[in-house]
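> using only what follows, build the 3D model:
(2 chains)
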Amino acid sequence: MIELVEVHKHFGAVHALRGVSFSARDGAITGVLGPNGAGKTTSLRMAAGLLLPDQGSATVDGTDTRAAPLAVRRAIGALPHSHGLYARLSAREHVYYFGRLHGLTDDVIAARLDHLTAVLDMGDFLDRRTEGFSQGQKLKVAIARVLVHEPQNVILDEPTAGLDVKGTRAMRELVRRLKADGRCVVFSSHVMQEVAALCDEVVVIAAGRVTAHGTLEALKEKTGKQQLEDAFVAAVGTEEGLA
Amino acid sequence: MSAFGVVFTKECVDNLRDRRALSTALVMPLLGPLMLVGVFFALKDAEVKSRTPQIPVVGGEHAPELVRWLGQQGVEVQAPPADPEAAVKEGTVDLVLRLDSSFGAALRAGTPAPVEIICDPSRQNAAPLLDRTEGLLRQYGQTIGALRLLARGVDPQLVAAIAVSRVDVGAKDAKKALLLASLPLFLLMACFLGGTYVAIDVTAGERERGTLEPLLLNPVAPRVLVLAKIAATAVFGLLSLAVGLLAFAVVVPAIPFEEIGLDLRVAPRVAFGYLALFVPTALAAAALQVVVGVLSKNTKTAQATLGFIILVPVLPGVIVSLFPQQPSLWNCAVPFLGESILAMRLLRGEDVELVHWLANGGVQLALAAVLTVLAARLFGARMLSG
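You can find the predicted model right below:
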């Protein structure tokens, strides 16, 4: 359960978030949609406790990110927009590094890595150094290291960017599986079809504000548009930056 | 394992696999000892040359006494080149001495005997030998002159109104002093250079790769991350220092420095003294480099900035080598200057006072602590924007 209430954030003179509020339930997939530069990544960084609000509050499972940032990070697994890998470490070493940083014992990490390797189909490249990995392989490693501590809340910032069809399908499959486990999944994208295909609820962010929040049906109703695409455009107020 | 241990181990393993980081840490410190060997042989060569000057002589058969006397003075009389003038002009020989058949006759007659030195005074390299040759000939002439005066019952000292002698404090000694001072300088640089690539990789590199944000999302305080990164950087600096010390410890005893009048000691006691002296330096160097890395936008600017930062330890070292200083509480408390001064003392086999060592180490550790706190404050989510 992730909740943002009236969150404001300034970067120097730029007022990036102007009162963002939304909540994401457990056992549901919440899509965060908006044009580039609307404040999606900043909102998700707030939810993960990486940035603290200038005003307002962000809570994860009822814990305020300002009061207990480390506890929040234990409850969250976040795949940030930039999810680079260490070229000289193997896929396995990445998962162990992050597992250990979460205080897991090697036995626990080994068991979870077995499971993740099967789910993500990483067996072929598990012990290779990540230099030269394909985009899909890199993303799998990045996801495995985010999920190794089995977080209740999973934040994925544009996880399908740069993936081919097969990779995209695998990613969708994984997101559905996380939902079935009862986790809270927050998923950002600027691809409407993807949000439509996956999400139970959507949050539309434009120019640092939430312009719509609810189920897909509610969104259509609110905007008075029958086509999702038209509804999104209406909610955002412009077609710019959408795909 | 604690979070500190996890990050520290990862950074060490990761950078040990980086051929560039590893070769910088292991190979750079070998340059100092190698240079020492090179300079030693260059100096020794120069010494041998000045001790036995080589003079080609044309017509030596006309003045066998002179040739024998030159030999007694330590001169190696050589066979002349076919065309002496051309040889000197081309620079294949520094000068040629030419005697002809009139030499003996003039000597017997008591008139000045002609000796020609074929030379090119515009050539700097030939100047010492030219001086030396002229001096020797003058000396030979005075000896014969003195004998003539004696034969006539006159005291030869009457014609020697003044006695000139040189006291040489010239370039040769300056070179030796520089050689001496270069040792601590190389070790100081090793403390820095060994960790440079690591410092860049764990800060600006982390940002450039896009691994910073995933790392910061772990439940570990940024100050713990930065502390581990500084520790890993320091390990590479210390590794470099250890390699440098080891190389000096092997090279210095193996080379007969006393042959060029240089008294160098790198006894085990001195090596340990150096380690004690430079460990705080390596920590301060690591913290300084990590701060620069955190502040740099990308690895390129970090590299450029750290290229300048290396002057921080080099300049005090050069100052000490040009203007030797006696250790005092104040100059030992100047970071990087103090080490150079104290290292020179150790090298000469002199004792270092505990207060001086404590002053230097204390200041460097304090500097390391301040820089670490600074790095911890700078490291974090704010690195993601901008």
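> so where do the strands sit in the chain?
In the absence of a named chain, chain A is used. For chain A, the strands defined by DSSP state E cover A:2-11, A:14-24, A:28-33, A:55-60, A:63-64, A:76-79, A:153-157, A:184-189, A:201-206, A:209-215.
> please refer instead to chain B.
Going by DSSP E, chain B shows strands at B:54-58, B:76-78, B:95-98, B:116-119.
> which stretches of the chain have low pLDDT?
Defaulting to chain A. Applying pLDDT under 70 to chain A flags the ranges A:238-243.
> the intended chain is chain B.
Applying pLDDT under 70 to chain B flags residues B:167-180, B:261-267, B:386.
> check contacts around the residue in it that chain A sits nearest to.
Closest contact between chain B and chain A, by Cβ to the nearest Cβ, is at B:G210 (2.9 Å). (Glycine included, C-beta is placed from N, CA and C.) Residues near B:G210 by Cβ atoms under 8 Å, 6 or more residues apart in numbering or on different chains: A:S82, A:H83, A:G84.
> measure it to B:D100 for me?
The gap separating B:G210 from B:D100 is 86 Å, by Cβ to Cβ, to the nearest Å.
> what's near enough to touch the residue nearest the centre of chain A?
Among the residues of chain A, A:L156 comes closest to the average C-alpha position under Cα atoms, centre = their mean, at 1.8 Å. Shown in contact with A:L156 (Cβ under 8 Å, 6+ apart): A:A78, A:L79, A:V175, A:V185, A:V186, A:F187, A:S188.
> export those residues to TSV and tack on distance to chain B and neighbour count?
TSV is the format used below for the contacts of A:L156 (distance: Cβ to the nearest Cβ, whole Å; neighbours: other Cβ atoms under 10 Å in any protein chain shown):
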residue	distance to chain B	neighbour count
A:A78	5	24
A:L79	8	24
A:V175	18	21
A:V185	16	28
A:V186	14	26
A:F187	16	29
A:S188	14	24
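> could you identify the most distant pair in the residues you listed?
A:A78 and A:V175 (14.0 Å; Cβ to Cβ).
> report whether stretch B:296-315 contacts chain A.
No. Remark: stretch B:296-315 sits outside contact range of chain A, by Cβ under 8 Å from any Cβ of the partner chain, the gap being at least 13.0 Å.
> list the contacts of that stretch.
If you take Cβ under 8 Å, 6+ apart as the criterion, stretch B:296-315 is touched by B:185, B:188-189, B:191-193, B:196, B:199-201, B:203-205, B:207-208, B:281, B:285, B:288-289, B:292-293, B:336, B:339, B:386.
> which bits of chain A sit near chain B?
So far as Cβ under 8 Å from any Cβ goes, chain A lies against chain B at A:11, A:45, A:48, A:50-51, A:70-71, A:73-74, A:76, A:78-89, A:93, A:97-98, A:100-103, A:142, A:145-146.
> distance-wise, check the residue of chain B closest to chain A relative to B:V226.
Counting by Cβ to Cβ, the gap from B:G210 to B:V226 is 19 Å.
> again with B:L34
For B:L34, the distance to B:V226 - Cβ to Cβ - is 35 Å.
> of the two, who's got more company?
More crowded of B:L34 and B:V226, by other Cβ atoms under 10 Å in any protein chain shown: B:V226, with 26 against 12.
> quick one: contacts for the residue in chain A that chain B sits nearest to?
Ranked by Cβ to the nearest Cβ, the top residue of chain A for proximity to chain B is A:G84, at 2.9 Å. Counting by Cβ under 8 Å, 6+ apart, A:G84 makes contact with B:R209, B:G210, B:T211, B:P214.
> contact residues of chain B facing chain A?
So far as Cβ under 8 Å from any Cβ goes, chain B lies against chain A at B:1, B:3, B:6-7, B:10, B:13-14, B:17-18, B:209-221, B:381, B:384-385.
> which among the residues you listed count as buried?
Burial by neighbour count, 16 or more other Cβ atoms under 10 Å in any protein chain shown: within the residues of chain B next to chain A this picks out B:3, B:6-7, B:10, B:14, B:18, B:209, B:211-220, B:381, B:384.
> which residue packs closest to B:L31, ignoring adjacent ones?
In space, and not counting its chain neighbours, B:L31 is closest to B:F186: 7.1 Å by Cβ to Cβ, 6 or more residues apart in numbering or on different chains.
> quick check: the one you found touching B:L241?
No. Proximity of B:F186 to B:L241 does not meet the contact threshold set by Cβ atoms under 8 Å, at 10.0 Å.
> who touches both of the two?
B:P29.
> residues near the residue lying closest to B:L188 once chain neighbours are set aside, how many?
Nearest non-adjacent residue to B:L188, counting by Cβ to Cβ, 6+ apart: B:P313, 4.2 Å away. Residue crowding around B:P313 was assessed by other Cβ under 10 Å; the count is 27.
> repeat that for A:L52.
16.
> without its sequence neighbours, what residue ends up closest to it?
Per Cβ to Cβ, 6+ apart, closest to A:L52 is A:R66, 5.3 Å.
> where does that neighbour fall, phi/psi-wise?
phi -70, psi -40 (degrees, to the nearest 10).
> so it makes contact with A:Q55?
No. Assessed by Cβ under 8 Å, A:R66 is found out of contact with A:Q55, at 11.3 Å.
> now do the shared contacts for these two.
Common contacts of A:R66 and A:Q55 (Cβ under 8 Å, 6+ apart): none found.
> now for residue 94: which residues touch it?
No chain was given, so I picked chain A. When contacts are counted by Cβ under 8 Å, 6+ apart, A:H94 touches A:L85, A:Y86, A:T130, A:V141, A:A144, A:R145.
> chain B was what I was after
Contacts of B:D94 by Cβ under 8 Å, 6+ apart are B:V88, B:C119, B:R123, B:N125, B:A126, B:L129, B:L130.
> any idea which of those residues has the most stuff around it?
B:V88 (21 neighbours).
> list the contacts for it?
B:D94, B:L95, B:V96, B:I118, B:C119, B:D120.
> again, only this time at 6 Å
The contact partners of B:V88, by Cβ atoms under 6 Å, 6 or more residues apart in numbering or on different chains, come to B:I118, B:D120.
> how close does it get to B:V75?
18 Å.
> do the same with B:V220
The gap separating B:V220 from B:V75 is 76 Å, by Cβ to Cβ.
> same thing with B:L22?
Noted for B:L22: a distance of 53 Å to B:V75, by Cβ to Cβ.
> burial count for the closest residue to A:G77 other than its chain neighbours?
With Cβ to Cβ, 6+ apart as the criterion, A:G77 has its nearest non-adjacent residue at 3.5 Å, and that residue is A:P151. When neighbours are defined as other Cβ under 10 Å, A:P151 has 20 of them.
> neighbours of A:I143, how many?
Neighbour tally, A:I143, other Cβ under 10 Å: 23.
> my error: substitute B:L347 in the last question.
Per other Cβ under 10 Å, the neighbour tally for B:L347 reads 21.
> excluding chain neighbours, give the residue nearest to it in space.
Using Cβ to Cβ, 6+ apart, the nearest residue to B:L347 is B:L183, at 5.9 Å.
> and for B:L30?
B:L30 sits nearest to B:A247 (Cβ to Cβ, 6+ apart), 5.4 Å away.
> same check on B:E206?
Per Cβ to Cβ, 6+ apart, closest to B:E206 is B:L212, 4.6 Å.
> do A:I2 as well
Using Cβ to Cβ, 6+ apart, the nearest residue to A:I2 is A:A24, at 4.5 Å.
> I'd guessed B:P222 sits against B:F379; true?
Yes. Taking contacts as Cβ atoms under 6 Å, B:P222 lies within contact range of B:F379: 5.0 Å.
> number of residues surrounding A:K9?
The number of residues near A:K9, taken as other Cβ under 10 Å, comes to 22.
> ok, how many other residues are close to the closest residue to it other than its chain neighbours?
With sequence-adjacent residues excluded and distances taken as Cβ to Cβ, 6+ apart, A:K9 is closest to A:L17, at 4.1 Å. By other Cβ under 10 Å, the residues close to A:L17 number 27.
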